[in-house]
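In: structure of the sequence below:
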Amino acid sequence: MKKMNRRKFLGLSSAAVSSFMIVPRHVLGGKGYKAPSDTLNIAAIGIGGQGAWDLEQLALAGENIVALCDVDQEYAAETFSRYPKAKRYRDFRVMLEKEKGIDAVVVATPDHTHAIISMHVLKMGKHLYCEKPLTHTIFEARKIAEAAREAKVATQMGNQGMAYEGNRLINEWIWDGAIGQVHEVHVWSDRPTRLGTQELWWPQALDRPLDKPGIPSTLDWDLWLGPAPHRPYHPAYVPFLWRGWWDFGEGGLGDMGIHNLAPAFSALKLGAPTSVHASSTPVFKETFPLASVVHYEFPARGEMPPVTLHWYDGGILPERPKELENGRELPKEDGMLFVGDKGKMLVSGWGGEHPRLIPESNMQEYARPPKTLPRSIGHHQEWIEACKNGTPTRSNFDFAGPLTEAVLLGLVSVRLGGKKINWDSENLSVPDDPAANDLLHYRYRKGWTL
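Out: Numbering: from 1, shown residues only. Sure thing, here's the model as predicted:
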């Protein structure tokens, strides 16, 4: 009898398996027993930083960590040691070729390699969890979202705030008309600065270092660069400081904007903006400015009116709303302010954590609507269940792709000195603006393709 793998077995119709006697799992393995067929075999790529935390959540859920990959063996050493049974790799392509039993993959590498790796995973038909932002370029975001739909696999982007209770409350209150029709939104983060200090999370507003220290023996620098233009190794980029460099990261907007803009995109059903323009501190050739403000214009959506959305980073805050009581301040680290024609909603924390109507008297008088949205079982658990049962995730690539496109479009304006961009989303272009079009993607280094 030919061997049948798990994927083929699960693909059988219910009629074909109806003759089998189903024995409850607890009879076979006792209370809490998890059958091997109910356990995902998960591989992870980029495990020294955020990937380590992602793995922890998946392992705590009882899933099987079978393979780990990182180009920096020293940075990843602690994570490697936590999963001694997992096979170890430097090159994700080698891992994916050799490990035939992988069901799902976590991608938590620096931003500039997200799309290259994700496309490889999707073409193999594996379920995919990719850290935010989904991609490094707008072109990549469109292609990855399309590939995910074609692959029909479970996807989730790593903006954990989409699982917050506050995120759902924002949706329900706005749809309930708590502040009327929303026509303006202000969203901010103090990144790249650390709250209350002059210290930066990562370097920005500087030029490329000129010295050329030796490459650590534990790091494969060529693999770390991946599709990005070649440059000499320097500790100014790795293991974490890459986020402020144009070639590798997306600065404060790409880091925290993905989190903080998501509730607005969800509640207001935003898609592609029609235009975007920006202002900032001086823009450097190699790195992001220290602070920027980006303005998006979105068209009407059904019965929802056009919306102007303003993004602020680097410690810049919007004007203090007059409805905010004396003694209360705007959150300085991360926040949102929804402006409706009947009131305002202030959100403290990242990802939509703590929404409140202002002034407080409005909050106290508000008769909250029923909780109509399904509550989250947990951000990573959503993805696990999607892999096993096909249930939807709240930040699947159909949502994450357009959100990432909009975020990255704002950065195109920043890079062009604040220039207004009139966006043709359908054709993925900026009509009559070659400079802007050139920043929608870039030519990969030889040997790398999407």
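In: who's in contact with stretch 228-244?
Out: 48-49, 72, 75, 110-112, 192, 200-204, 208-209, 211-215, 219, 221, 224-225, 245, 247-251, 254-255, 287-288, 442, 445 (C-beta atoms under 8 Å, 6 or more residues apart in numbering). C-betas here are computed from N, CA, C, even on glycine.
In: hmm, I was thinking of stretch 382-391
Out: Residues from elsewhere that reach stretch 382-391 (C-beta under 8 Å, 6+ apart): 38, 40, 58, 61, 63, 103-104, 127, 129, 153-156, 163, 376-377, 392-394, 396.
In: likewise stretch 83-94?
Out: Against stretch 83-94 from outside (C-beta under 8 Å, 6+ apart): 45, 55, 59, 65-71, 73, 80, 95, 98-99, 117, 120, 220, 223.
In: let's see which of those end up in strands.
Out: Residues from those lying in strands, with DSSP state E as the criterion: 45, 65, 66, 67, 68, 69.
In: which residues of the stretch 1-150 of the chain score low on pLDDT?
Out: In the predicted model of the stretch 1-150 of the chain, residues 1-37 satisfy pLDDT under 70.
In: isn't residue 293 right up against residue 277?
Out: No: using C-beta atoms under 8 Å, residue 293 makes no contact with residue 277, being 9.6 Å away.
In: if you skip the residues just before and after it, what's nearest to the residue nearest the centre of the chain?
Out: The chain has residue 132 as the residue nearest its centroid, 2.3 Å off, counting by C-alpha atoms, centre = their mean. Counting by C-beta to C-beta, 6 or more residues apart in numbering, residue 258 is the residue found nearest to residue 132 once chain neighbours are left out, at 4.1 Å.
In: make sure that neighbour is indeed in a strand.
Out: No: under the criterion used here (DSSP: H, G, I helix; E, B strand; the rest coil), residue 258 is helix, not part of a strand.
In: in contact with the residue nearest to residue 177 when sequence neighbours are not counted, which residues?
Out: Leaving aside its sequence neighbours, residue 177 sits nearest to residue 342 (C-beta to C-beta, 6+ apart; 7.3 Å). By C-beta under 8 Å, 6+ apart, the contact list for residue 342 reads 177, 179, 180, 181.
In: among those residues, which one is most surrounded by other residues?
Out: Most neighbours among the contacts of residue 342, by other C-beta atoms under 10 Å: residue 179, with 20 neighbours.
In: quick check: that one vs residue 337, distance?
Out: 10 Å (C-beta to C-beta, to the nearest Å).
In: who touches both of the two?
Out: 344, 345.
In: the residue nearest to the centre of the chain and residue 159 touch, don't they?
Out: Yes: counting by C-beta under 8 Å, residue 132 does reach residue 159; the two are 4.9 Å apart.
In: so what sits against both of these two?
Out: Residues touching both residue 132 and residue 159 by C-beta under 8 Å, 6+ apart: 258, 259, 400.
In: residue ranges for the strands of this structure, please.
Out: 41-45, 64-69, 87-89, 104-107, 127-131, 155-158, 182-189, 275-280, 292-298, 307-312, 334-340, 343-348, 354-358, 421-422.
In: mean neighbour count and distance to residue 239 for those strands - can I get that in a markdown table?
Out: Below are those laid out as a markdown table (neighbours: other C-beta atoms under 10 Å; distance: least, C-beta to C-beta, whole Å):
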| stretch | mean neighbour count | distance to residue 239 |
| --- | --- | --- |
| strand 41-45 | 25 | 15 |
| strand 64-69 | 22 | 15 |
| strand 87-89 | 16 | 17 |
| strand 104-107 | 26 | 16 |
| strand 127-131 | 26 | 14 |
| strand 155-158 | 28 | 18 |
| strand 182-189 | 23 | 22 |
| strand 275-280 | 20 | 27 |
| strand 292-298 | 22 | 25 |
| strand 307-312 | 20 | 27 |
| strand 334-340 | 23 | 24 |
| strand 343-348 | 22 | 31 |
| strand 354-358 | 20 | 32 |
| strand 421-422 | 20 | 33 |
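In: out of those, which comes closest to residue 372?
Out: Comparison of these against residue 372 by C-beta to C-beta identifies strand 354-358 as nearest, at 15.8 Å.
In: list of residues touching the closest one?
Out: For strand 354-358, the surrounding residues in contact (C-beta under 8 Å, 6+ apart) are 166, 169-170, 173, 178-179, 321, 323-325, 343-348, 363, 366.
In: so who does the closest residue to residue 442 other than its chain neighbours touch?
Out: Closest residue to residue 442 apart from its sequence neighbours, by C-beta to C-beta, 6+ apart: residue 137 at 6.6 Å. By C-beta under 8 Å, 6+ apart, residue 137 lies in contact with 115, 408, 440, 441, 442.
In: look up how far residue 176 lies from the closest residue in space to the third one that isn't next to it in sequence.
Out: The shortest distance from residue 440 to any residue other than its chain neighbours is 4.7 Å, reached at residue 138 (C-beta to C-beta, 6+ apart). Between residue 138 and residue 176 the distance, using C-beta to C-beta, works out to 34 Å.
In: ditto for residue 126
Out: Distance from residue 126 to residue 176, by C-beta to C-beta: 40 Å.
In: sorry, back to before: out of the strands of the chain, which comes closest to residue 434?
Out: Across those, closest to residue 434 is strand 421-422 (C-beta to C-beta), at 12.4 Å.
In: quick one: strands adjacent to that closest one?
Out: strand 275-280 (antiparallel) (DSSP bridges).
In: can you pull out the residues in contact with the strand it pairs with?
Out: Under C-beta under 8 Å, 6+ apart, the answer for strand 275-280 is 289, 291-297, 406, 409-410, 412-414, 418-423.
In: export stretch 87-103 as PDB, just CAs?
Out: Output in PDB follows, covering the C-alpha atoms of stretch 87-103 (Å, rounded to 0.1, in the frame of the first residue of the first chain):
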ATOM      1  CA  LYS A  87      17.600  21.100  12.700                       C
ATOM      2  CA  ARG A  88      19.900  24.200  12.300                       C
ATOM      3  CA  TYR A  89      20.600  26.100   9.100                       C
ATOM      4  CA  ARG A  90      22.100  29.300   7.800                       C
ATOM      5  CA  ASP A  91      20.500  29.500   4.300                       C
ATOM      6  CA  PHE A  92      16.700  29.300   4.200                       C
ATOM      7  CA  ARG A  93      16.800  27.900   0.700                       C
ATOM      8  CA  VAL A  94      18.700  24.900   1.900                       C
ATOM      9  CA  MET A  95      16.400  24.400   4.900                       C
ATOM     10  CA  LEU A  96      13.300  24.500   2.800                       C
ATOM     11  CA  GLU A  97      14.700  22.100   0.300                       C
ATOM     12  CA  LYS A  98      15.900  19.500   2.800                       C
ATOM     13  CA  GLU A  99      13.100  19.700   5.400                       C
ATOM     14  CA  LYS A 100      10.200  18.000   3.600                       C
ATOM     15  CA  GLY A 101       7.900  17.700   6.600                       C
ATOM     16  CA  ILE A 102       7.400  21.400   7.300                       C
ATOM     17  CA  ASP A 103       3.800  22.600   7.400                       C
END
